[in-house]
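**Student:** Structure for this input, please:
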Amino acid sequence: MWSLITPLASPKKFFNLSRRFTPWLTLFFLLTFTYGLIGALLLAPADYIQSDAFRIIYVHAPCAFLSLFIYTTMAIAAFTGIVWRIKLAFLVIRHSAPLGASFTFLALLTGSLWGKPMWGTWWIWDARLTSELILLFLYLGILLFQSAIAQKQNGERALAILILVGFIDIPIIHYSVYWWNTLHQGATLKLFAPSTIDTSMLYPLLAMIAAFLSYYAIVLFLRMRYELTAGCANHHWLQDKN
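**Tutor:** A predicted model of the protein is given here:
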């Protein structure tokens, strides 16, 4: 287990690995985003009920997925930071939180834009929407807590505990459409069952999700590397590519 998380424990190894992977991630982002955008606007047919209004799914669904994925990443980093005291884990939290908050806000915004023509209202206290709004408040609370930390070491541990406690909202968001009678549709993409979407619409959606994921990884790597560089008075090891 320790051998799997060693790269996170060493700033030098993380810096060199991220520097090697970032160009490939950038290329992957450009390819998937280009295909996803062309597929969403041109290749995918209009929905037989929602017409072209459904195309907002190609932004809404990736943002909603990233809002959950990033918080899950932060929870894993919080657990790792508490148990193994890995400093880079707290860097992951620090630089993931604003990205997670942004994607959560965009998920709520695009959901409202989609809901108006479909449901006839911008907002309803639906179980999925409400639990997603709570997630946005969690992100904002984490950001405020980060800015208010006075004693760094004790504050980071308290922040990690807060993130782990807030993780309970993630399964609630995912299963809300099954546990309660809601206006929000059920899951479009399923791991252990056929997806309820035609392949002509599915592949561009998967490409957009992959593009958003790679964008998150690229920005996270760049921000973490910048802080590692700026925070080291003597960072000659950064020149070592081994």
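**Student:** make it CA atoms for all contacts and neighbour counts henceforth
**Tutor:** Noted.
**Student:** and the strand or helix carrying Phe33, what does it pack onto?
**Tutor:** Using DSSP states H and E, Phe33 falls within helix 11-38. Applying 3 or more Cα pairs under 8 Å, 6 or more residues apart in numbering; DSSP states H and E, we find helix 11-38 packed against helix 2-9, helix 199-231.
**Student:** what residue ranges in this structure score low on pLDDT?
**Tutor:** The chain contains residues with pLDDT under 70 at 1-9, 150-153, 191-193, 231-242.
**Student:** Ile93 contacts Ala77, doesn't it?
**Tutor:** Yes. Using Cα atoms under 8 Å, Ile93 is in contact with Ala77, at 6.7 Å.
**Student:** Neighbour count: the two, which is higher?
**Tutor:** For Ile93 versus Ala77, neighbours defined as other Cα atoms under 10 Å are more numerous around Ile93 (28 against 24).
**Student:** what residues are up against that one?
**Tutor:** 74, 77-78 (Cα atoms under 8 Å, 6 or more residues apart in numbering).
**Student:** so after the helix holding Phe33, what's the next helix or strand?
**Tutor:** Past helix 11-38, the next helix or strand by DSSP H and E is helix 57-84.
**Student:** Check which helices and strands that next one sits against.
**Tutor:** Against helix 57-84 (3+ Cα pairs under 8 Å, 6+ apart) you get helix 87-119, helix 152-166, helix 169-179, helix 199-231.
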